[in-house]
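**Student:** Following is a predicted model, sequence given first.
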Amino acid sequence: MPFIDQIKAILGTGRLNVSSRFALLREAIQGTMSDFYMARDLRTDKIVGLKILDPKKTAEFEARFKGLTKPTEGEISMLFKHPRIVETYEIGLTTEGEQYLVMEFLEGATLHSALIARDPHFEGRRVKFIRQAAEALAAVHEAGYIHRDVCPRNFILTNTGQDIKLIDFGLTVPAIKEFMQPGNRTGTPNYMAPELVRRRPTDLRLDIFAFGVTAFEICTYELPWQWGNTGMAAMSHDKPPVDIHKYRPQINPVLAKAIHFCIEPELGRRCPSMEKFLQMIRDVEREDGKG
């Protein structure tokens with residue numbers, strides 16, 4: 001490695017030489033458009049998360065917004081300093097031309113994995129988790145962005161299962177007209193809003209719908225529509241959802257109403273904001289009447 005590149009790696013200027021700066025401690029976790037590593041920063045000896053984006057897949061996604069000025073995933077991630085959102089410390093390009101993000105390393109399972117396992121940490125914490133997820137999403141919306149992939153895979157249980165944090169801004173776009181036109185059907189099928197599935201214009205309520213499905217699942221371990229692993233799974237989301245009481249008869253009625261308000265298929269009848277949802281559940285302490 002040339003001496004000048006060594007100096008750049010040490011000083012944090014220029015492009016990042018991954019092997020000079022980080023010791024990779026685990027096999028990569030492969031995402032749709034990136035690889036994620038647990039790493040030790042050799043400059044600080046701190047354990048961090050290192051996300052490296054696949055250039056080809058990233059370019060294919062960015063091509064959907066030709067002619068528009070879209071912030072990168074890293075630029076969006078750097079905006080958030082919020083207790084319920086993973087913190088990103090540094091972004092840039094590697095010596096291989098890949099975008100990278102250095103972020104807070106969250107030791108814990110995804111909410112998705114915890115739901116599948118019916119993790120005991122849910123007992124007595126469902127409302128807490130739902131409120132924390134809502135607060136995270138409210139912060140994203142307040143900053144002027146649509147996350148576009150709100151689902152249990154994108155929340156991590158932290159602090160030994162006591163709290164959750166929102167991750168992954170790979171599909172996030174500005175909440176402005178140019179980025180909300182029909183046709184950009186990205187996300188996770190089981191959590192997709194009907195207007196997204198039917199390729200209609202979208203807005204922040206796309207996230208609110210996906211959040212509502214996630215909250216429904218936190219309370220019941222079930223989905224309000226039939227499960228599937230392709231886009232066809234979302235084609236029924238314009239039909240009335242299953243009543244949450246079917247799976248959790250003793251659910252707090254205020255919480256039940258608020259969740260159903262979020263998963264209302266008709267856009268004009270859906271909860272208009274995460275602030276409204278948080279206001280609705282302000283006095284809810286538990287998800288059911290069992291104490």
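**Tutor:** Looks like it came in fine.
**Student:** Start and end of stretch 251-267, how far apart?
**Tutor:** 25 Å (CA to CA, to the nearest Å).
**Student:** List the buried residues for it?
**Tutor:** 251-252, 255-256, 258-265, 267 (16 or more other CB atoms under 10 Å). C-beta here means a position set from N, CA and C on the backbone, and glycine is covered the same way.
**Student:** likewise stretch 106-126?
**Tutor:** Going by 16+ other CB under 10 Å, stretch 106-126 has these buried residues: Leu106, Gly108, Ala109, Thr110, Leu111, His112, Ala114, Leu115, His121, Phe122, Arg125, Arg126.
**Student:** Please apply the same query to stretch 271-284.
**Tutor:** Cys271, Met274, Phe277, Leu278, Met280, Ile281, Val284.
**Student:** starting at the chain centroid, how far to that stretch?
**Tutor:** 19 Å (CA atoms, centre = their mean, to the nearest Å).
**Student:** Likewise for stretch 182-197?
**Tutor:** With CA atoms, centre = their mean, you get 14 Å for stretch 182-197.
**Student:** all strands of this structure, in order?
**Tutor:** 22-24, 29-30, 34-41, 46-53, 88-93, 99-104, 145-146, 155-158, 163-166, 173-174 (DSSP state E).
**Student:** Make a markdown table from the ones you listed and add mean pLDDT to it.
**Tutor:** Putting those into a markdown table (pLDDT from 0 to 100) gives the following:
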| stretch | mean pLDDT |
| --- | --- |
| strand 22-24 | 96 |
| strand 29-30 | 88 |
| strand 34-41 | 96 |
| strand 46-53 | 97 |
| strand 88-93 | 97 |
| strand 99-104 | 97 |
| strand 145-146 | 97 |
| strand 155-158 | 96 |
| strand 163-166 | 96 |
| strand 173-174 | 95 |
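**Student:** now those in JSON lines, with mean neighbour count?
**Tutor:** Shown next, in JSON lines, are the strands of the chain (neighbours: other CB atoms under 10 Å):
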{"stretch": "strand 22-24", "mean neighbour count": "16"}
{"stretch": "strand 29-30", "mean neighbour count": "11"}
{"stretch": "strand 34-41", "mean neighbour count": "18"}
{"stretch": "strand 46-53", "mean neighbour count": "20"}
{"stretch": "strand 88-93", "mean neighbour count": "17"}
{"stretch": "strand 99-104", "mean neighbour count": "21"}
{"stretch": "strand 145-146", "mean neighbour count": "22"}
{"stretch": "strand 155-158", "mean neighbour count": "23"}
{"stretch": "strand 163-166", "mean neighbour count": "23"}
{"stretch": "strand 173-174", "mean neighbour count": "20"}
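**Student:** With Asn184 as the reference, name the closest of these.
**Tutor:** Ranking the strands of the chain by proximity to Asn184 (CB to CB) places strand 173-174 first, at 7.8 Å.
**Student:** related to what we said a few turns ago, mind checking which of the strands of the chain is nearest Phe209?
**Tutor:** strand 145-146 (11.4 Å).
**Student:** The closest one - contacts with which helices or strands?
**Tutor:** strand 173-174 (3 or more CB pairs under 8 Å, 6 or more residues apart in numbering; DSSP states H and E).
**Student:** Just checking: what are the partner strands of the strand it packs on?
**Tutor:** strand 145-146 (antiparallel) (DSSP bridges).
**Student:** List of residues touching the partner strand?
**Tutor:** 76, 140, 169, 172-175, 179-180, 202-204, 206-207 (CB atoms under 8 Å, 6 or more residues apart in numbering).
**Student:** try it again with 10 Å
**Tutor:** Contact with strand 145-146 is made by 71, 76, 79-80, 137, 139-140, 169, 171-176, 179-180, 202-207, as judged by CB atoms under 10 Å, 6 or more residues apart in numbering.
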